[in-house]
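# coords please:
(2 chains)
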Amino acid sequence: MSPVLAGVLQLLALLVALGLSYRPLGDHMARVYSSEKHLRVEKWIYKGIGANPSVQMRWPAYLRGVLGFSAVSVLFLYLLQRVQGSLPGSLGFVSIDPDQAFNTAASFVANTNWQSYYGEQAMGHVVQTGGLAVQNFLSAAVGMAVAVALVRGFARSRTGELGNFWSDLVRGTFRVLLPISVIGALVLVACGAIQNFSGIHEVGQFMGGTQQWNGGAVASQEVIKELGTNGGGYFNANSSHPFENPSGLSNLFEIYLILVIPFALTRTFGRMVGSLKQGYAILGTMATIWLGFTALMMWTEFAHHGPAFDIAGGAMEGKETRFGIGGSSIFAVATTLTSTGAVNSFHSSYTGFGGGITMLGMQLGEIAPGGVGSGLYGMLIMAVIAVFVAGLMVGRTPEYLGRKIGTREITFAACYILITPALVLGFTAVAMALDTPADSMTNSGAHGFSEILYAYTSGANNNGSAFAGLNADTQWFNSTIGIAMLLGRFLPMVFVLALAGSLAEQTPVPQTAGTLRTEKPLFTGLLVGTILIITGLTYFPALALGPLAEGLAA
Amino acid sequence: MNNSAGSTGRLLWAGLRALLVLTVLCGVLYPLAVTGIAQVAFPGKANGSEVTDASGRVVGSELIGQTYDLPLKEGEETAAPDLKWFQPRPSNGLGANSVNTQYSIILSGATNRSGDNADLIQWVKDAKAAVIKDNSTADHRVKPSDVPADAVTSSGSGLDPHISPEYAKLQVHRIAEVNKLDVKAVDKLVADHTDGRLLGFIGEPRVNVLQLNIALKQLVTAKG
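Take a look at the predicted model:
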C-alpha cells in the first residue's frame, strides 16, 4: 500500500471514530450541563469550595468566577515553580526563574501550553503532575464552561442568567474530562506510553554503559494534554517522544482525543438550543475546513518541495519513522486547527507551505473544530459575524437563532475577532523592529521571520506549538508571549460572556419567510467564506513575508 | 469600596479552595489511580518497555533509539559509527542537559531547521555521502537514489527507535561483509524484524534497530 493511501485511510478511520462518538458524547455533555442534579462527590466538592452550585449567575458574576479562578490558578502555578527547588518530589531540579515561571503559569492556565522550558530536565513530579497536568484539566473545563454559558445565552430568553460557573467547572472536570482520561491513559499505556514514578534512573545500553531516563506520570498527562486541547509535553520532544506517543495506533488515538470534544460540542449546542440541525451546520463548517486543510497539508508534505528535502528524497526531517508523512500531517493540522499545540513532528522542518498551513490554521482563530469550548464559542462568534454580513447584503436586521444581532451584539463580536490579530501582528512588528529578539532565531530569511510570527500567533491564539528553532527562553519572549497568552485567552472571554448576557435578556423574534436559515448548507458555505476572508485579509501581508515567500522559492 | 474589596476577597478565597480541591482530584488521586492500574495491568510497558539480550542483561528500551558507535577517538568530535551493527537515523537535534548539570539526561528534540537552511542541506548531503560510502561493498554499489529519506534526516524526538525497511535492506550487504555472514541470512533477519502497518494502514512499515541488532548479535555469536 502506498503511504498516501495509508494516510487517507487513517483519515477515514478517524472520521468513523469521531462519527461514532459524536452523538453519545454530544448528548452526554448536553445532559451534564443541563441537569439539575448534583452527584454526591460533587456536593462534597462544592462544600470544599464553599459555593452554592444552584445559584444562577448573570454575565458579570460568571465572568468574575472565570477570572478569579484563573487568577488564583496563575498565581498558584507560578509559586509552585518558584519553590520547586525546596519541594520534595522534585528530582533535585531547581526553582524556575521568575520570567519563565510567569510564562509557564500563564501558558498552562490560558490553555496554551507554550513551553520555553525543557520538560525532562526542568520539571519534577510535583510541578508536572500536581501543577501543570492539573491545569490541563481545569483550563479545558473553564473553556467548556464559557462555551456552555454562550450556548445558554442563545437558548434562554428574558432572563440574563447564564448558569453557575462553579457547577460548570466541576461538572466539566468530573463528568466529562476525568472519565475519558482514565480510560484514555490506560489505552496509551497499553500502546507503550510510560506511567510510573521512577524519576531519574539508569538503563543499560546495547554498546555498553548506561543512558539516563526521567520516568514519571506520562500517560495520565498525555491523555488530558490532547483531550483538553492543551498540548504541553512531558518531554521536550512532545508527542514525537516515543514514551508519549509510542506507535502508529497511539498516534491515531491521540489525534482522535484532540478532536473528539470540540466536534461533539456542536451536538451539545444543537441539543441545548433545541435544534440539532443548527449544530450540524456548525459541524459542517468545522469539518469542511479541517478536511480541506488536511488534504492540503498531505499534498505539500508528500510533494516535499525544498532544497534539503529534494536532496533527501522526502520531507522526513523532524518526523518519526513510525508515523511517516501521513500520520504526521494529520496530527499537525489537528493540533493547529484546535488550541492544542502538541506536536508529533516539528513544524519548523515542514515544507514552506506546510508551515504556512499550520500558521493559518491558528490564525483562523482555532475554530475548526478549535479548542475544547473555545472552538465552539469562537465559531459562534464567526456565525454572528456571518449573519451580520448576510443581513447587510439583504438589508434586514440580522438574526441568529431567533436573537436580534443589534449594535451591542455586533460590537462584542467585532471586539472578539480584533483582539488576537492585534496581539499577533502588534507583538510581531515590535519584535522585528527591536534589535535583540532576532538573536533567538535559528533560521534566517523568510523562515526566521516565520519563527517569530509563529510564536505570537501560537501564543495569542492559545495554541502553544512552535517553530521551535526560536530560543524563546529570553526575558523578552517569556514576558511578551506570556502577556499575549493571557490577553488572547481572557479578553475574548469577556466579550463572549457579555454577548451571552445580552442574548439571554432578549425576547426571541419569530421566524418568518425572510429569516436567514442558519441550519442550511448555504449558511455553512457563507460561514466558511466569512472565516477565510476575514482571516485572509488580516494575515495575508504577514504570511506573504514568511511561509509564502519560503514556499514559492522552493 | 470596602464591600467590593470584600467580595473580591471572597471570590479569590473560593477560587483557591476550588483549585486545591480539584488539584487533589486531578493532580493526586487521578495520576495515582492510573499508575496503580497501569503497574498491575501493563508493568513492562508502564516502566519503559525495557529489552534484555540473550544473557538477560537490560540493553535499553524497545522505544528509545540508541547509537551504535565506535569509542570516541582522540581528536574526534563525534564518534564514528560501528559498521558491524545496523545504524539508526541521524539525531542532530538531540541536546544535552544545560539546566541541571548533576544529571546527564538526554534532551529529546529536533533540529528545527527549515528546508532551505544551509546547515540542514549540508547535513543531508554529508549523511547521504556517508551512507553510500559505508554501505557499498566490493560486489554491491549503493546508488544515491537507493538511499531513503529517513537515512539522512533526523527524527522529531531524536530518539526514533526505528528505521524504514528500505534503510535496513540497504545495510544488509555491509552487515554481511563486516560480520562475514551470508547475505541471505542477514536479509532474512531484516525481513523477520520488519513490522508492517497495523491492520494494513495504521502507522508506517518499520524495523526496530535495537531488536534487529540483538538478533544480529545472536547470529554472529552462533556462527562462532
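# list the contacts for B:D146?
Shown in contact with B:D146 (Cβ atoms under 8 Å, 6 or more residues apart in numbering or on different chains): B:E166, B:L170. No exception for glycine: its C-beta is placed from N, CA and C like everyone else's.
# For the closest residue to chain B within chain A, report the pLDDT, please.
Nearest to chain B, among the residues of chain A, is A:G248, at 1.8 Å (Cβ to the nearest Cβ). What the model reports as pLDDT for A:G248 is 97.
# So it is in contact with B:E204, correct?
Yes - using Cβ atoms under 8 Å, A:G248 makes contact with B:E204 at a distance of 6.7 Å.
# What is the neighbour count of the residue lying closest to the residue of chain A closest to chain B once chain neighbours are set aside?
Leaving out its chain neighbours, the residue that sits closest to A:G248 by Cβ to Cβ, 6 or more residues apart in numbering or on different chains is B:G203, at 1.8 Å. When neighbours are defined as other Cβ atoms under 10 Å in any protein chain shown, B:G203 has 26 of them.
# List the contacts of B:G203.
Residues in contact with B:G203 (Cβ under 8 Å, 6+ apart) are A:S247, A:G248, A:L249, A:N251, A:R322, A:F323, A:G324, A:G327, B:R197.
# Residues in contact with the helix-or-strand element of chain A with minimal mean pLDDT: which ones?
Sorting the helices and strands of chain A by mean pLDDT, DSSP states H and E puts helix A:119-122 at the bottom, at a mean of 89. Residues from elsewhere that reach helix A:119-122 (Cβ under 8 Å, 6+ apart): A:93, A:96, A:128, A:214, A:232-236, B:97-100, B:103, B:105, B:107-108.
# If any of those residues are buried, give me the PyMOL selection for them.
Applying 16 or more other Cβ atoms under 10 Å in any protein chain shown to the contacts of helix A:119-122, the buried members can be selected in PyMOL as follows:
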select buried, (chain A and resi 93+96+128+214+232+233+234+235+236) or (chain B and resi 97+99+103+105+107+108)
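# for the chain, what are the low-confidence residue spans?
Using chain A here. Low-confidence segments of chain A, defined by pLDDT under 70, are absent.
# not quite, I wanted chain B
B:1-3.
# So what's the residue count around the closest residue in space to A:N462 that isn't next to it in sequence?
Spatial nearest neighbour of A:N462, chain neighbours left out: A:T112 (4.2 Å); criterion: Cβ to Cβ, 6+ apart. A:T112: 34 surrounding residues under other Cβ under 10 Å.
# and what of A:V394?
The local packing of A:V394 (other Cβ under 10 Å) involves 9 other residues.
# Tell me which residue in chain B sits closest to chain A.
Residue nearest to chain A within chain B (Cβ to the nearest Cβ): B:G203, separated by 1.8 Å.
# Ramachandran coordinates for that residue?
Main-chain torsions, B:G203, degrees, to the nearest 10: phi 80, psi -170.
# B:A80: what's it in contact with?
With contact taken as Cβ under 8 Å, 6+ apart, B:A80 is in contact with B:D69, B:L70, B:K73.
# same deal with B:A138?
Taking Cβ under 8 Å, 6+ apart as the criterion, B:A138 is in contact with B:E177.
# wait, doesn't B:V59 sit right on A:T210?
No - taking Cβ under 8 Å as the definition, B:V59 is not a contact partner of A:T210, at 10.3 Å.
# between the two, who's got more neighbours?
With neighbours defined as other Cβ under 10 Å, B:V59 and A:T210 compare such that B:V59 has more, 22 against 13.
# Tell me the buried residues in the host helix or strand of the more buried one?
In the assignment (DSSP states H and E), B:V59 maps to strand B:58-61. By neighbour count with 16+ other Cβ under 10 Å, strand B:58-61 contains the buried residues B:V59, B:G60, B:S61.
# How about stretch B:196-211, which residues are buried there?
Within stretch B:196-211, judged by 16+ other Cβ under 10 Å, the buried ones are B:R197, B:F201, B:I202, B:G203, B:E204, B:P205, B:R206, B:V207, B:N208, B:V209, B:L210, B:Q211.
# In helices, which of those residues appear?
Cross-referencing these against helices under DSSP state H gives B:V209, B:L210, B:Q211.
# Which of those residues sits closest to A:G284?
Of all these, B:V209 has the smallest distance to A:G284: 45.2 Å, by Cβ to Cβ.
# so that closest one touches B:S91, yeah?
No - in this structure B:V209 lies outside contact range of B:S91 using Cβ under 8 Å: 11.9 Å.
# so what sits against both of the two?
B:G65.
# residues near the nearest residue to A:T294 once chain neighbours are set aside, how many?
Leaving aside its chain neighbours, A:T294 sits nearest to A:V333 (4.7 Å; criterion: Cβ to Cβ, 6+ apart). Look at A:V333: counted by other Cβ under 10 Å, it has 27 neighbours.
# Which residue ranges of the stretch 51-200 of chain A form helices?
Here the stretch 51-200 of chain A has its helices, by DSSP state H, counting those that start in this stretch, at A:59-82, A:98-109, A:119-122, A:125-127, A:133-155, A:165-171, A:178-191.
# how close does A:F331 sit to A:T340?
Distance, A:F331 to A:T340, by Cβ to Cβ, to the nearest Å: 9 Å.
# ugh, wrong one, I meant B:A130
In terms of Cβ to Cβ, B:A130 sits 37 Å off from A:T340.
# I figured A:Q511 was touching A:G402, is that so?
Yes - A:Q511 is within contact range of A:G402, at 6.8 Å (criterion: Cβ under 8 Å).
# higher neighbour count, the two?
Between A:Q511 and A:G402, A:G402 has the larger neighbour count (other Cβ under 10 Å), namely 18 against 12.
# Report the spatially nearest residue to B:G44, omitting neighbours in sequence.
In space, B:G44 is closest to B:E50, 7.2 Å off (Cβ to Cβ, 6+ apart).
# This completes my enquiry, with thanks.
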